[in-house]
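Colleague: I would like the atomic coordinates for the input below:
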Amino acid sequence: MENYVTGDTIRALREKKGYTQKQLADLILVSDKAVSKWENGRGLPDITLLEPLGTALGVSVAELLSGRQAVNLNRAGNMQKGSFSVCPICGNVLFSLGRGAFSCCGVTLPELEAEEGENEHAIHIDNVEDEHYVHLDHPMGKAHHISFLAHVSSDAVQVVKLYPEGDAAARFRLSKGGRVYAYCAHHGLFARKV
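Modeller: Model prediction:
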């Protein structure tokens, strides 16, 4: 399948889904004659049909246009190799397990690099019963505060959103290993091994 916008590819993907030409046509609101023309190389789908066609065939528009189907081969991903990004406009927090290009509010989000915290950014961890009590001696004003705390272990990510005038503290389910992260809205991301 060299190019997804070819008749042979449309036919192959349709048959892989088990659809007749009529069934595919009904899904994307065109006639079965249009699908037949595409598959016989006598026409191509209109650009406005690429998204519904891709959805019906189980591929993205990018895959349709690039001619390459994306297959997730990462079967043994480790949560601790993930990364955080934060939108500087709305404060949206994104955790990703792999490399990618992410945006929010029209801004491309860089992957944050975590530093070991010192002084007010030092992360304190106390074990209380079956939880990690994580806290910082950090001011919590509107312009300068800890925006979120997170615990990332090999199999889970726990995030607690914090707000100004609250405490720079959170409780996380006790687990072996991992890292705790604190994001200062003014200075960036800090981390400590558990």
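
Colleague: ranges for the helices of the chain?
Modeller: Here the chain has its helices, by DSSP state H, at 7-17, 21-28, 32-39, 50-57, 61-66.

Colleague: dump those helices to TSV, plus distance to Ala170 and mean neighbour count.
Modeller: (C-beta placed from N, C-alpha, C; glycine too.) Compiled in TSV, the helices of the chain are given as follows (distance: least, CB to CB, whole Å; neighbours: other CB atoms under 10 Å):
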stretch	distance to Ala170	mean neighbour count
helix 7-17	45	16
helix 21-28	46	17
helix 32-39	54	18
helix 50-57	39	18
helix 61-66	38	15
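
Colleague: those helices: lowest mean pLDDT?
Modeller: Of all the helices of the chain, helix 61-66 carries the lowest average pLDDT, namely a mean of 71.

Colleague: any weak-confidence spans in this protein?
Modeller: 1-4, 64-78 (pLDDT under 70).

Colleague: gap between the closest residue to Val160 other than its chain neighbours and Asn119?
Modeller: The shortest distance from Val160 to any non-neighbouring residue, by CB to CB, 6 or more residues apart in numbering, is to Ala170 (3.8 Å). As judged by CB to CB, to the nearest Å, Ala170 and Asn119 stand 20 Å apart.

Colleague: over to Thr9?
Modeller: For Thr9 relative to Asn119 (CB to CB), the value is 59 Å.

Colleague: could you chop the protein up by domain?
Modeller: For the chain, automatic domain parsing gives the domain ranges 7-66, 79-83+112-193.
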